[in-house]
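Engineer: let me see the structure of the following:
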Amino acid sequence: MKMKLGLLAVLAVISAPATAGTIDLGVASDYNAFIFGDYTTNGNSTAGALAIGGSASLNGHSIGNNQHNDYAAVIGGNLGSTPWGGSANGSLWVGGTNNKGQGYTVSGQVDTSATVSAPVDFAAAQTYLTSLSSGLASVGATGSYAAQDQWNQASKIFTGSGSNVEFFSLNASEFSSFNNLSFSSIATGTTLIFNVAGTSATLGWQWQSLGSNYNVLFNFYEATSVTLQNASLYANILAVDATINGSGNLYGTVVGESWNNAFTLGNGGFATANSSLFAGVTAAVPEPSSYALLLAGLVMIGFTATRRKRILARM
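Structural biologist: Numbering: from 1, shown residues only. Have a look, this model is predicted:
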């Protein structure tokens, strides 16, 4: 009985969520765009790096890779032709066929699956980020929003609770009726999580009033389409099932299913935040330290059981 209890104690330690209360985009934080499927863009630029699970069309597109990732772009599928040229500051990893052409400049080298194993596990990342989106969506709102007054129904005031992480619950269908937006009782640097229901959403100029004052994450947990409508936003987008459309400037990280737009992605990203309201996402695979703990626990349990048998044999 004691042996079973000891084993259960060890397993309980291992299965305890390592990220309980932590809101973190995981491996996606290393990229300006983290897309599970195909990525299509013409022209424009990305300040950071790209992670693309499917095929990529980077015609005339430049990748700055300002965080100096090992790869400016990780492309799980094929890299399409680039007659307009373009450039990548660093190396590329291409899992399929490399058809970029001579006009596309790569300051490093182009690695393939034949020579280097995949640097990103897109399936594992998709599982984690989908769980993260669902977990965030389950958190009740801490903040509220309402019309400025009876004469300005389209002008909304978002009011916080004074917490370092504020959750707001919205429906994307409301966005088209929003006019001027303002924010009250929310300190500079506060993390704002906007949980947005609805299958289609458009982020327009109204959201530019967020400025760069907050650590913002739009969680489009039901969306299949998210459009940036000629806006310039300091924000991050988590839309695991959506095609990302539109044009404009976004300073942050975008997570989506596919990409078909003319965004310019600038410096920015989601800063890890902690909230007691968020249960966290348990890693599917224990860290090496957890395996070491399990081994140590099993050894101790085995030693104790053997010693007990020897004592009983002498009696």
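Engineer: isn't Val240 right up against Thr127?
Structural biologist: No: applying C-beta atoms under 8 Å, one finds Val240 not in contact with Thr127, separated by 9.9 Å. Quick note: C-beta positions are derived from backbone N, CA and C, even for glycine.
Engineer: of the two, who's got more company?
Structural biologist: Using other C-beta atoms under 10 Å as the criterion, Val240 and Thr127 rank with Val240 on top: 23 against 14.
Engineer: do you know the pLDDT at Asn152?
Structural biologist: Predicted confidence (pLDDT) for Asn152: 91.
Engineer: ok, it to Phe178 distance?
Structural biologist: Remark: distance between Asn152 and Phe178 (C-beta to C-beta, to the nearest Å) = 11 Å.
Engineer: what about the stretch 51-200 of the chain, any weak spots by pLDDT?
Structural biologist: Applying pLDDT under 70 to the stretch 51-200 of the chain flags no residue at all.
Engineer: which residues in it form strands?
Structural biologist: For the stretch 51-200 of the chain, strands defined by DSSP state E, counting those that start in this stretch occupy the ranges 56-59, 62-63, 71-75, 86-88, 91-94, 104-106, 110-112, 144-149, 152-159, 165-171, 181-184, 191-197, 200-203.
Engineer: contacting residues around stretch 56-67?
Structural biologist: The contact list for stretch 56-67 (C-beta atoms under 8 Å, 6 or more residues apart in numbering) reads 30, 38-50, 72-73, 75, 77-90, 100, 104, 267.
Engineer: coming back round to it: so Asn152 and Phe178 - more neighbours on which side?
Structural biologist: Remark: of Asn152 and Phe178, Phe178 carries more neighbours, 16 against 12, as counted by other C-beta under 10 Å.
Engineer: what about His68, how many neighbours?
Structural biologist: 10.
Engineer: ditto for Leu58
Structural biologist: Leu58 has 30 neighbours, counted by other C-beta under 10 Å.
Engineer: show me the beta-bridge partners of it.
Structural biologist: For Leu58, the beta-bridge assignment (DSSP bridges) gives partners Thr41.
Engineer: which ones are touching the closest residue to Val116 other than its chain neighbours?
Structural biologist: Nearest-residue entry for Val116: Trp93, 6.4 Å, with adjacent residues in sequence omitted and distances by C-beta to C-beta, 6 or more residues apart in numbering. Shown in contact with Trp93 (C-beta under 8 Å, 6+ apart): 71, 73-75, 110-112, 116, 118-119.
Engineer: over to Tyr71?
Structural biologist: Per C-beta under 8 Å, 6+ apart, neighbours of Tyr71: 49, 90-93, 111, 119.
Engineer: out of those residues, which is nearest to Val196?
Structural biologist: Nearest to Val196 among those is Ala49, at 26.3 Å by C-beta to C-beta.
Engineer: rewinding a little: most tightly surrounded among the strands of the stretch 51-200 of the chain?
Structural biologist: Of all those, strand 71-75 has the most neighbours on average by mean count of other C-beta atoms under 10 Å, namely a mean of 26.
Engineer: quickly note the distance from Phe220 to Ser29.
Structural biologist: Where Ser29 is concerned, Phe220 sits at a distance of 18 Å (C-beta to C-beta).
Engineer: ok, Gly248 next?
Structural biologist: Between Gly248 and Ser29 the computed distance is 22 Å (C-beta to C-beta).
Engineer: looking only at neighbour counts, state which of these two leads.
Structural biologist: Ranked by neighbour count (other C-beta under 10 Å), Gly248 and Ser29 place Gly248 first, with 19 against 16.
Engineer: note down every partner strand of the host helix or strand of Ile244 and its orientation.
Structural biologist: Applying DSSP states H and E as the criterion places Ile244 in strand 236-251. According to DSSP bridges, strand 236-251 forms sheet pairs with strand 215-220 (parallel), strand 225-234 (parallel), strand 254-260 (parallel), strand 262-266 (parallel).
Engineer: quick one: buried residues of it?
Structural biologist: By neighbour count on 16 or more other C-beta atoms under 10 Å, the buried set for strand 236-251 is 236-246, 248-251.
Engineer: repeat that for stretch 119-134.
Structural biologist: By 16+ other C-beta under 10 Å, the buried positions in stretch 119-134 come out as 120, 122, 125-126, 128-130, 132-133.
Engineer: okay then, goodbye and thanks.
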